[in-house]
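Student: need a structure here:
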Amino acid sequence: MKKSCRNIFGLIVLALFLSGCVTNPPVKSSWSGDTMIENEYFSATILPTNKRFKLTVKNKTKSDLVINWNKTLFIESGQTAGGFMIEGTLYTERNNPKLSDVVFPESVFEKTIWPNSLVSYEGGKYGRGYIHGLIVGQDVGVYLTVSVDGVEISERIVGSMSYEYVK
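Tutor: Numbers count the residues shown, from 1 in each chain. Got it, this is the predicted structure:
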């Protein structure tokens, strides 16, 4: 009797454990729109995924190019919607002013960035951050602001994200 109760209890615990291990079906994301801009000073590309952008900036000049993160903004539905959480930033500090990054002459810079408006943080003893996906069907992108030789330049890279469940 005790052995069968232990077996039943074990099965219940196993069922509860496995029910918490259910994963979401795989999702394939696709991007339609711009992925690159180019001018006489720099070229910039974004590689969007469902939650972030990988930003690559190539300095085409013989001067330092400065990325102003406080003026580089997320674009959502054709309007700016706040800044970005930059790779290496704590969730709780994502809205703080950010130091600029320097792209040295004729070199390439890469950073992963997340839109602040899609990042949330639940505080408490075991605080946890969450990153939500890009909104499907809306124009989203990066409004990049840089300066070189005292000239401030802003460019937009915009497209639309769609998702498809992979069977």
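
Student: CA atoms for contacts and neighbours, from now on please.
Tutor: Noted.

Student: which residues are in contact with the helix or strand where residue 155 lies?
Tutor: Secondary structure from DSSP states H and E places residue 155 in strand 151-165. Strand 151-165 is contacted from outside by 25-37, 45-46, 50, 75, 134-147, using Cα atoms under 8 Å, 6 or more residues apart in numbering.

Student: Return a ChimeraX selection command for the buried portion of the residues you listed.
Tutor: In ChimeraX, this line selects whichever of the contacts of strand 151-165 come out buried by 16 or more other Cα atoms under 10 Å:
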select :31,35,36,45,46,50,75,134,135,138,139,140,141,142,143,144,145,146,147
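
Student: Which parts of this protein are strands?
Tutor: For the chain, the strands defined by DSSP state E cover 27-33, 36-38, 42-48, 53-59, 65-67, 73-76, 79-80, 84-86, 101-103, 108-115, 119-122, 128-131, 139-148, 151-165.

Student: Point out the other helices and strands that the fifth one packs with.
Tutor: To tie it back to what came earlier, the one meant is strand 65-67. The contact analysis (3 or more Cα pairs under 8 Å, 6 or more residues apart in numbering; DSSP states H and E) places strand 65-67 against strand 101-103, strand 139-148.

Student: Just the mean pLDDT for stretch 149-167, thanks.
Tutor: For stretch 149-167, the mean pLDDT works out to 86.

Student: swap in stretch 102-119?
Tutor: Rounded mean pLDDT across stretch 102-119 is 94.

Student: Per-residue pLDDT of residue 51, please?
Tutor: 85.

Student: Just give the nearest non-adjacent residue to it, would you?
Tutor: Nearest non-adjacent residue to residue 51, counting by Cα to Cα, 6 or more residues apart in numbering: residue 133, 4.5 Å away.
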